[in-house]
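Engineer: Here you go, sequence then predicted model.
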Amino acid sequence: MEKDLIINQQVIIPGAELSVSVSRASGPGGQHVNKTSSRVSLRWNIKISRALTQQQKIIILERLASKLVGDSELLIHVESERSQLRNREIARERLVKIIKKALKPRKRRIATKPTQESKKRRLNNKKKRGVIKKLRKALENS
């Protein structure tokens, strides 16, 4: 059974909600690689989680839609290390990072007007392009 995963002070994912499976990994390990299962797959179903409020679930499902398996399951594979234990730790760290990023409030963009100088620059560039095109047309006609 997995230990509880602390995302922040409000969100703690119970270990029972995390599903870990192991399999053989590719990569470094020599003869040892064919004998051990060091690849770790960590699954967490967002919809049935008791760790999140309904609003948090909606936010996470919306922001992580491209990373979800099915309609609500987050799946993380780690096989970068030779040790299964270390890969398990990395998978848990990645899950924490992904959830924190998804729950972080987005900054609102404040619309600003272009400055007078930028308007002048834009118009000058347009005029220059127009002159270049006129000269090109004059060369074609002659």
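Structural biologist: Good, I have the coordinates. Numbering: from 1, shown residues only.
Engineer: going forward, measure contacts and count neighbours with C-alpha atoms only.
Structural biologist: OK.
Engineer: if I look at the one residue sitting closest to the centre of the chain, how far off is residue 20?
Structural biologist: Nearest to the mean C-alpha position of the chain, counting by Cα atoms, centre = their mean, stands residue 98 at 6.3 Å. According to Cα to Cα, to the nearest Å, residue 98 and residue 20 sit 17 Å apart.
Engineer: repeat for residue 13
Structural biologist: 14 Å.
Engineer: the more surrounded of these two?
Structural biologist: residue 13 (20 against 17; other Cα atoms under 10 Å).
Engineer: ok, what's across the strand from the more buried one?
Structural biologist: residue 5 (DSSP bridges).
Engineer: my read: it touches residue 53, true?
Structural biologist: No - the pair formed by residue 13 and residue 53 falls short of the contact definition of Cα atoms under 8 Å, at 11.9 Å.
Engineer: Quick check: neighbours shared by those two?
Structural biologist: Common contacts of residue 13 and residue 53, defined by Cα atoms under 8 Å, 6 or more residues apart in numbering, are absent altogether.
Engineer: Contacts for the helix or strand bottoming out on mean pLDDT in the chain next, please.
Structural biologist: Of all helical and strand segments in the chain, the minimum by mean pLDDT, DSSP states H and E falls on strand 5-6, at a mean of 86. Identification of contacts with strand 5-6 by Cα under 8 Å, 6+ apart yields 12-15, 92, 96.
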